[in-house]
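Chemist: Got a predicted model here, sequence first, then my questions.
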Amino acid sequence: MDLTFNKNEDHNRLLASDLRRRLAKVKLGGGQKRIDKLHEKGKMTARERIEYLLDDDSKSIEIGAFAGEGMYKEHGGCPSGGVVVKIGYVQGKQCIVVANDATVKAGAWFPITGKKNLRAQEIAIENKLPIIYLVDSAGVYLPMQDEIFPDKEHFGRIFRNNAVMSSMGITQIAAVMGSCVAGGAYLPIMSDEALIVDKTGSIFLAGSYLVKAAIGETIDNETLGGATTHCEISGVTDYKAKDDKDALNTIKNIVDKIGDYDKAGFSRKESFPPKENESDIYGILPKARHDQYDMLEIIKRLVDNSDFEQYKEGYGKSIITGYARIDGWAVGIVANQRKLVKTKKGEMQFGGVIYNDSADKATRFIANCNQKKIPLVFLQDVTGFMVGSKSEHGGIIKDGAKMVNAVSNSVVPKFTIVIGNSYGAGNYAMCGKAYDPRLIAAWPSAELAVMSGASAAKVLLQIETASLKKKGEEITPEKEKELFDKIKSRYDNQISPYYAAARIWTDAVIDPLDTRKWISMGIEAADHAPIEKPFNLGVIQV
């Protein structure tokens, strides 16, 4: 191995180590003291409940682990958005599980909590996956109610989705394992089956204090909306559990009886690991985001047997397209080539830039995958589309629009992995979040923004210095450098993969070595949902 490989490897392994450290902190939720208090009440934490529910030694992936990171500091923070979401296996059946974390503000809903819950439901709807809710929440976080209550994508959308999923025949099971109050009380009752834990679970539209204030009635919460009330008097819930484990065992028994699902029919054969060493990825991926490397070497370490059949290998070389298998599943890969390439005309094309011919190639390949019913995997390391008179006169906007059109109208499931840069319109063309990938994850090396930190800082610096000069201020070289460093520092924070993950612009930040698992479980989930409409590009300019 050469020195550059070793330096890259050290850098990327440190990024992976930092990822594990951040995840360990997130998993503590509201902190050890609050975890201890839950245990004293005989309750399990959200993560303990999910771990017990999922099959032993089975694979799982977590959605939105970093949701809320660095946000709401004035309110004490909201680790992991106050809710844990995982895709895993219950009695051998793939499900998505949503569990309120009562160690974070008693499971109250912050704005990001609502967004994360809606993302979980979106995954269930797109893939027709059974969804299990483990409810333990104090309801809307009142100091921020204006940002979570009234809008289309706010709290009420959860119950609308409950109704839509019910009409689609998507199994929904809810266990009330703590508080379930006000509007939140509709969620378990709009599910197919509802459980409640005796003495710790409660459901009511208004608690005892509010009832006293509103109508003068004196009543305790257990009599008002406890397990005995709802299982024996109101009939609101279907099962009474003696404790958390009893409730989770009942859910396992219910899921065990669910029949098989109609399959989309994506091709899967026996799985083989890559022949090339997967951990070499750490050494291949450069430390600096502007350095060149060969994306084919990354692909060989992600696909079965390291076998990759290139489509139009000699044309449009700044995008790599081709067929492979990942964990046995057939996939079509669209990836940004990050090394300087030479065209047949003798022209040099910069790595990570989308040119006219590469956009045209990608469009055709996406159409082919839709015709053959092959899921698409996008590997992003893109700085944008090529600019300048030659590209403009060649119709780069038209060719880029065709590619965006193909991505937008694709009916096969799409999966996006942000490996490095994800800038500007390149993010869109390579199936960014706005283009409905079934799952979108980023490596710790990723950067998501309109442009790089250095480029943006230069633009913003020009604007700021011009404004200061108008006010009569003298801008010395030292002052200019201070302004530049300040602007770049702020911008660099915003392009971090953790900044994106905190806002659920991506589903997760993952170790590169977990990429095959994410794509495989994602395609397995998508196989639950048969394709119901034909691929149609609509009107495009040829």
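Modeler: Alright, I've got the coordinates.

Chemist: Which residues outside the helix or strand where N427 lies are in contact with it?
Modeler: Take DSSP states H and E as the rule and N427 turns out to sit in helix 424-429. With Cβ atoms under 8 Å, 6 or more residues apart in numbering as the test, helix 424-429 has contacts from 336, 352, 354, 359, 362, 380, 382-385, 400, 403-404, 407, 434-435, 448, 450-451. (Each C-beta comes from the backbone N, C-alpha and C, glycine too.)

Chemist: Could you do stretch 500-513 as well?
Modeler: 12, 16, 19-20, 22, 61-71, 81, 112, 115-116, 119, 278-279, 281-282, 285, 418-419, 433, 439-444, 446, 448, 497-498, 518.

Chemist: taking those one by one, which sit in strands?
Modeler: Residues of these located in strands (DSSP state E): 61-63, 418-419, 439-442, 448.

Chemist: Which one among those sits at the bottom for pLDDT?
Modeler: Lowest-confidence member of the ones in strands among the contacts of stretch 500-513: L448, scoring 92 (pLDDT).

Chemist: Pairing-wise in the sheet, spell out the partners of it.
Modeler: Listed beta-bridge partners, L448: S422 (assigned using DSSP bridges).

Chemist: before we move on, back to that, looking at neighbours, which among the ones in strands among the contacts of stretch 500-513 is most surrounded?
Modeler: V418 (29 neighbours; other Cβ atoms under 10 Å).

Chemist: Quick check: the gap between that one and G64.
Modeler: 15 Å (Cβ to Cβ, to the nearest Å).

Chemist: Repeat that for I173.
Modeler: Taking Cβ to Cβ as the criterion, I173 is separated from G64 by 21 Å.

Chemist: Also F159?
Modeler: For F159, the distance to G64 - Cβ to Cβ - is 20 Å.

Chemist: When these two are compared, which one has more neighbours?
Modeler: Just comparing F159 and G64: by other Cβ under 10 Å the higher neighbour count belongs to G64, 26 against 16.

Chemist: Excluding residues flanking it in the chain, which one is nearest the more buried one?
Modeler: In space, and not counting its chain neighbours, G64 is closest to K116: 4.6 Å by Cβ to Cβ, 6 or more residues apart in numbering.

Chemist: what's the pLDDT at that neighbour?
Modeler: 97.

Chemist: any idea which of the ones in strands among the contacts of stretch 500-513 is the one closest to K43?
Modeler: Nearest to K43 out of those is E62 (Cβ to Cβ; 21.0 Å).

Chemist: What sits closest to that closest one if chain neighbours are left out?
Modeler: Nearest one to E62, counting by Cβ to Cβ, 6+ apart, is K86 at 5.1 Å.

Chemist: cool, G351 as well?
Modeler: R338 is the one closest to G351 (Cβ to Cβ, 6+ apart), at 4.0 Å.

Chemist: Can you give me every residue that contacts the one you found?
Modeler: With Cβ under 8 Å, 6+ apart, R338 has these contacts: 292-295, 351-352, 381, 420.

Chemist: circling back: which among the contacts of helix 424-429 end up buried?
Modeler: For these, a burial check counting by 16 or more other Cβ atoms under 10 Å picks out 336, 352, 354, 359, 362, 380, 382-385, 400, 403-404, 407, 435, 448, 451.

Chemist: does I417 have beta-bridge partners, and which?
Modeler: Applying DSSP bridges, one finds that I417 bridges with L379, A441.

Chemist: mind listing the strands in the stretch 151-300 of the chain by residue range?
Modeler: Assigned by DSSP state E, counting those that start in this stretch, the strands in the stretch 151-300 of the chain fall at 172-181, 193-197, 202-204, 239-241.

Chemist: looking at those, which has the lowest confidence?
Modeler: strand 202-204 (a mean of 90).

Chemist: Now do that one: which elements does it pack against?
Modeler: Helices and strands touching strand 202-204, by 3 or more Cβ pairs under 8 Å, 6 or more residues apart in numbering; DSSP states H and E, are strand 172-181, helix 221-225.

Chemist: what's the angle between the first one and strand 193-197?
Modeler: Read it as strand 172-181. 40 degrees (axes from the mean of the first three to the mean of the last three Cα atoms, to 10 degrees).

Chemist: Could you name the helices and strands sitting against strand 172-181?
Modeler: Other helices and strands packing on strand 172-181, by 3+ Cβ pairs under 8 Å, 6+ apart, are strand 131-137, helix 156-168, helix 186-189, strand 193-197, strand 202-204, helix 244-256.
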